[in-house]
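Asker: Have a look at this prediction, sequence included:
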Amino acid sequence: MLREVVQVADPALEQRIAVLERELRKAQAKITTLEGAGPKVEDVRRLQREVAGLREWRKEAREALTEHEHRLTAVYHRISEVNTEIATLAKSVAEYAGSRSWFG
């Protein structure tokens, strides 16, 4: 349930994580290809920096998602509490109405 709430609250975050993971796989594939073809050291280092940057971005995105999940969990719990309070109030109103006579 919480995952669906996160997707509704910030679907772009899930999409950014997926894009990041694809870019990370591409960068890692480039490194593997370059290592097999005898790449220049500068190229490998540049790609490694790109991969490190993408990993850091992914970490930040996941942390943001986790923060959203915590907030949404708190909201969900508060909504549940309010729903319980409404049900209790409705029951009290029904009991009160049942105990009252139309004729006083």
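Answerer: Received the coordinates, thanks.

Asker: what's the spacing between the host helix or strand of Leu54 and its chain's center?
Answerer: Using DSSP states H and E, Leu54 sits within helix 41-99. Mean C-alpha position of helix 41-99 versus that of the full chain (C-alpha atoms, centre = their mean, to the nearest Å) differs by 6 Å.

Asker: Poorly predicted segments of this protein, please.
Answerer: 1-9, 36-39, 100-104 (pLDDT under 70).

Asker: In terms of position in space, what residue lies nearest the middle of this protein?
Answerer: For the chain, Leu65 is the residue whose C-alpha lies nearest the centre (C-alpha atoms, centre = their mean; 3.6 Å).

Asker: Leu65 touches Ala12, doesn't it?
Answerer: No - using C-beta atoms under 8 Å, Leu65 is not in contact with Ala12; the gap is 10.8 Å. Heads up, the C-betas are built off the backbone N, CA and C, glycines and all.

Asker: Can you pull the residues that touch both of the two?
Answerer: Counting by C-beta atoms under 8 Å, 6 or more residues apart in numbering, Leu65 and Ala12 have no contacts in common.

Asker: ok, how many other residues are close to Leu72?
Answerer: 19 (other C-beta atoms under 10 Å).

Asker: just Asn83 next, same as before
Answerer: 10.

Asker: And Leu54, by the same measure?
Answerer: Using other C-beta under 10 Å, the number of residues around Leu54 comes to 20.

Asker: do the same with the one 10 residues further on
Answerer: Applying the criterion other C-beta under 10 Å, we find 14 residues in the vicinity of Ala64.

Asker: The nearest residue to it once chain neighbours are set aside: helix or strand, and which one exactly?
Answerer: Spatial nearest neighbour of Ala64, excluding adjacent residues (C-beta to C-beta, 6 or more residues apart in numbering): Leu13 at 6.3 Å. In this structure, Leu13 is located in helix 11-36 according to DSSP H and E.

Asker: That helix packs against which elements?
Answerer: With contacts defined as 3 or more C-beta pairs under 8 Å, 6 or more residues apart in numbering; DSSP states H and E, helix 11-36 has these neighbours: helix 2-9, helix 41-99.
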